[in-house]
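Asks: Structural data only, the sequence is not supplied:
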């Protein structure tokens with residue numbers, strides 16, 4: 001059974017360089033912001049919303065923001081508690097479907113994308129993100145990792161077109177995060193050392209970017 005009130009990300013703004021997950025959050029948040037400004041509009045449904053950490057990004061872009069999740073979040077932000085594959089809302093009732101870092105926890109990931117297609121209006125967009133590399137988390141409900149080709153396949157199979165798939169961070173950011181995941185946690189708890197580590201690998205990633213080994217993707221499709 002899944003655990004209610006899990007502690008989830010709640011603030012996309014205040015992520016310091018000393019944060020254990022800085023190297024994944026920095027490029028993910030940057031790329032989500034770009035995609036939202038370009039594609040988000042009207043009524044938005046956030047599938048797997050958790051604490052709705054990105055709700056602030058939608059301000060001035062949309063008219064309404066609601067979220068669904070399989071359990072209630074630690075800040076009680078979930079509007080519809082339901083499975084991501086069976087959301088009790090009418091067809092074509094949203095202009096934008098948004099889902100971040102949830103698809104790897106859905107056993108039938110194609111059904112999630114199909115449900116997004118059902119719920120979004122013609123001309124609307126799905127903005128979806130998920131990992132290619134990440135450690136096991138929220139076990140045992142951690143099922144899949146996705147390449148850009150995998151995202152393209154499942155979005156096109158559902159009917160989405162005009163796809164854009166963006167790698168969030170490259171090989172240096174991934175290497176930096178893998179090192180943190182590999183070392184014993186007690187060795188990474190010194191904030192100043194972690195800050196220097198994150199700065200160094202973020203610098204390498206910015207100046208020598210190569211997406212062949214990324215941590216994450218943002219995928220966008222149009223109905």
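Replies: Yep, that arrived. This one's a predicted model, so the numbers in the text were calculated from it and none came from an experiment.
Asks: What mean pLDDT does the top strand by length along the chain get?
Replies: Across the chain, the longest stretch assigned as strand under DSSP state E is strand 120-131. Averaged over strand 120-131, pLDDT sits at 98.
Asks: in that strand, what counts as buried?
Replies: Neighbour counts using 16 or more other C-beta atoms under 10 Å place 120, 121, 124, 125, 126, 127, 128, 129, 130, 131 of strand 120-131 among the buried residues. C-betas here are computed from N, CA, C, even on glycine.
Asks: got it, and stretch 55-75?
Replies: Under 16+ other C-beta under 10 Å, the buried positions of stretch 55-75 are 55, 57, 58, 61, 62, 65, 67, 68, 69, 70, 73.
Asks: now do the same end-to-end measure for that stretch.
Replies: Distance between the two ends of stretch 55-75: 13 Å, counting by C-alpha to C-alpha, to the nearest Å.
Asks: From the centroid of this structure, which residue is nearest?
Replies: Most central in the chain under C-alpha atoms, centre = their mean is residue 100, positioned 2.5 Å from the mean C-alpha point.
Asks: For that one, list the residues it contacts.
Replies: Taking C-beta atoms under 8 Å, 6 or more residues apart in numbering, we find residue 100 in contact with 28, 32, 46, 48, 54, 128, 129.
Asks: Please indicate which of these has the highest neighbour count?
Replies: Each of those was scored for neighbours by other C-beta atoms under 10 Å, and residue 128 scores highest at 29 neighbours.
Asks: possible to save the buried residues of strand 120-131 as TSV with distance to residue 160?
Replies: Output for these, formatted as TSV (distance: C-beta to C-beta, whole Å):
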residue	distance to residue 160
120	9
121	13
124	10
125	9
126	6
127	11
128	9
129	15
130	15
131	20
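Asks: Closest one to residue 221 out of those, please.
Replies: Of all the buried residues of strand 120-131, residue 126 has the smallest distance to residue 221: 4.9 Å, by C-beta to C-beta.
Asks: since we're on residue 134, how many residues are nearby?
Replies: The tally of other residues near residue 134 (other C-beta under 10 Å) stands at 17.
Asks: Among the buried residues of stretch 55-75, which one lies nearest to residue 108?
Replies: Of all the buried residues of stretch 55-75, residue 70 has the smallest distance to residue 108: 12.8 Å, by C-beta to C-beta.
Asks: where's the closest one relative to residue 191, distance?
Replies: From residue 70 across to residue 191, the span is 34 Å (C-beta to C-beta, to the nearest Å).
Asks: got it, and residue 178?
Replies: On the measure of C-beta to C-beta, residue 178 and residue 191 end up 20 Å apart.
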